[in-house]
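Enquirer: predicted coordinates and the sequence they were generated for:
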Amino acid sequence: MTGTRIRNYGGADVQSSETEHEHESEQEQESEDETVCPECGGNLVSDEEHGETVCEECGLVVEEDSVDRGPEWRAFDSKEKDQKSRVGAPTTKMMHDEGLSTNIGWQNKDAYGNSLGSRQREKMQRLRKWNERFRTRDSKERNLKQALGEIDRMASALGLPKNVRETASVIYRRALDEDLLPGRSIEGVATASLYAAARQVGVPRSLDEVAAVSRIDAMEFKRTYRYIVRELSLEIQPADPQSYVTRFASDLDVSDEAERRAHDLLKTAKRTGVHSGKSPVGLAAAAVYAGSLLSNEKVTQSEVSDVASVSEVTIRNRYQELLEAAQDDEVLA
């Protein structure tokens, strides 16, 4: 091996290998060549459809007939894709076992679609029962299974998307791991987790809306929510009134013009500081009502009150404040 002896500084010999340095530099040069076009120096991209590696700049085909690591079948819709796929469902936090356990279907049919006999049906029923028992081995898993089912039920009633349910499941798991449940009901912590998740993801629902689908009273729900946020140090920003406008406008079936005016009124309120200390749901409801009046649409305060779950008095007060803020802003401009 080619090398030079270097004077040591602590009693030990330090040997430097020139060939090792040359080998490392060659590897670095090869890795750079793999991502750079040899003709123009542009970036290389992989064209999986044609099995080629081409340059983005000049279109030079650097490599062809590459190995296709995708499936050998094609699917033209989601149903066909699910039928042809030979892998299981992805893991999810919305199930207590993260979707990794075996689940025995409820259909009493064999692999060929034929109905099972009476003795086979009884056998499969016993297998389902014991499989369900083994899926929840201890009290913690039983607790988690009940809570995640409650979260899924409330999220469905509120029309919340999947990412909110996943976030709520993670929050509940954290509360369970940090032993925050003693002295509090499973339903209370599940409701608080769902409300916090909706606020974090940016798909908020009002306290009254969440309390309406929950199985606990509103006072316990609010108390548990404050406790969970404080103990888990959740970073939750104040709800934006504009995030409610689209939903209220859709439920009231008002025009796009009315919705645009409602957004403009709320932007003016933020700019002038009128929104500070006010309920975001009340402000959004009043903005939709004001926007519909400004666009000459017949929407009553009672209809807005029913959709937003706020009182008519609140809508009238916030409505006047929004209009005054808009007038003051025009005068200052």
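Expert: Good, I have the coordinates. Residues are numbered from 1 along each chain as shown.

Enquirer: domain assignment for the protein?
Expert: Following automatic domain parsing, one gets these domains for the chain: 33-62, 139-232, 242-332.

Enquirer: out of those domains, which comes closest to residue 91?
Expert: domain 139-232 (10.7 Å; CB to CB). For the C-beta atoms, the positions are set from N, CA and C on the backbone; glycine is no exception.

Enquirer: and the end-to-end length of that closest one?
Expert: The straight-line separation of the ends of domain 139-232 (CA to CA, to the nearest Å) is 22 Å.

Enquirer: adding mean pLDDT, mean neighbour count and distance to residue 110, write the domains of the chain out as CSV.
Expert: Output for the domains of the chain, formatted as CSV (pLDDT from 0 to 100; neighbours: other CB atoms under 10 Å; distance: least, CB to CB, whole Å):
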stretch, mean pLDDT, mean neighbour count, distance to residue 110
domain 33-62, 82, 13, 39
domain 139-232, 91, 18, 29
domain 242-332, 87, 18, 47
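
Enquirer: distance of residue 173 from residue 141?
Expert: 11 Å (CB to CB, to the nearest Å).

Enquirer: OK, contacts around the nearest residue to residue 235 once chain neighbours are set aside?
Expert: Spatial nearest neighbour of residue 235, excluding adjacent residues (CB to CB, 6 or more residues apart in numbering): residue 200 at 7.8 Å. Residues counted as contacts of residue 200 (CB atoms under 8 Å, 6 or more residues apart in numbering) are 167, 234-236.

Enquirer: likewise for residue 122?
Expert: Residue 122 neighbours (CB under 8 Å, 6+ apart): none.

Enquirer: in what helix or strand does it lie?
Expert: Using DSSP states H and E, residue 122 falls within helix 118-135.

Enquirer: run the chain-centre distance for that helix.
Expert: Offset of helix 118-135 from its chain centre (CA atoms, centre = their mean, to the nearest Å): 35 Å.

Enquirer: using PDB, write down the CA coordinates of it.
Expert: Presented in PDB, the C-alpha positions along helix 118-135 are these (Å, rounded to 0.1, in the frame of the first residue of the first chain):
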ATOM      1  CA  SER A 118     -74.300 -24.000   9.400                       C
ATOM      2  CA  ARG A 119     -71.300 -25.700  11.200                       C
ATOM      3  CA  GLN A 120     -68.800 -23.500   9.400                       C
ATOM      4  CA  ARG A 121     -70.800 -20.400  10.200                       C
ATOM      5  CA  GLU A 122     -70.700 -21.300  13.900                       C
ATOM      6  CA  LYS A 123     -67.000 -21.900  13.700                       C
ATOM      7  CA  MET A 124     -66.300 -18.600  12.000                       C
ATOM      8  CA  GLN A 125     -68.500 -16.800  14.600                       C
ATOM      9  CA  ARG A 126     -66.400 -18.300  17.400                       C
ATOM     10  CA  LEU A 127     -63.200 -17.300  15.600                       C
ATOM     11  CA  ARG A 128     -64.500 -13.700  15.300                       C
ATOM     12  CA  LYS A 129     -65.300 -13.600  19.000                       C
ATOM     13  CA  TRP A 130     -61.800 -14.800  20.100                       C
ATOM     14  CA  ASN A 131     -60.100 -12.700  17.500                       C
ATOM     15  CA  GLU A 132     -61.900  -9.600  18.900                       C
ATOM     16  CA  ARG A 133     -60.800 -10.600  22.400                       C
ATOM     17  CA  PHE A 134     -57.200 -11.100  21.500                       C
ATOM     18  CA  ARG A 135     -57.000  -7.700  19.700                       C
END
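
Enquirer: just checking, what packs against whichever helix or strand comes after it?
Expert: For helix 118-135, the following helix or strand on the C-terminal side (DSSP H and E) is helix 139-158. Applying 3 or more CB pairs under 8 Å, 6 or more residues apart in numbering; DSSP states H and E, one finds that helix 139-158 makes contact with helix 162-177, helix 186-201, helix 207-213.

Enquirer: give the contact list for the closest residue to residue 240 other than its chain neighbours.
Expert: Once flanking residues are discounted, residue 240 sits nearest to residue 280: 6.6 Å by CB to CB, 6+ apart. Listed by CB under 8 Å, 6+ apart, the contact partners of residue 280 are 204, 238-241, 243-244.

Enquirer: measure residue 280 to residue 286 for me?
Expert: From residue 280 to residue 286 the distance is 11 Å (CB to CB).

Enquirer: swap in residue 253?
Expert: Separation of residue 253 from residue 286 (CB to CB): 18 Å.

Enquirer: ditto for residue 47
Expert: From residue 47 across to residue 286, the span is 54 Å (CB to CB).

Enquirer: what of residue 131?
Expert: 54 Å.

Enquirer: am I right that residue 44 sits in a strand?
Expert: Yes. Under DSSP: H, G, I helix; E, B strand; the rest coil, residue 44 falls within a strand.

Enquirer: okay, and the beta partners of it?
Expert: Residue 44 has these beta-bridge partners by DSSP bridges: residue 55.

Enquirer: pretty sure it contacts residue 38?
Expert: No. Applying CB atoms under 8 Å as the test, residue 44 and residue 38 come out as separate, 9.5 Å apart.

Enquirer: now do the shared contacts for those two.
Expert: Residues touching both residue 44 and residue 38 (CB under 8 Å, 6+ apart) are residue 62.

Enquirer: about what we covered before: and the domains of the chain as CSV, adding distance to residue 75?
Expert: Formatted as CSV, the domains of the chain follow (distance: least, CB to CB, whole Å):
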stretch, distance to residue 75
domain 33-62, 15
domain 139-232, 22
domain 242-332, 33
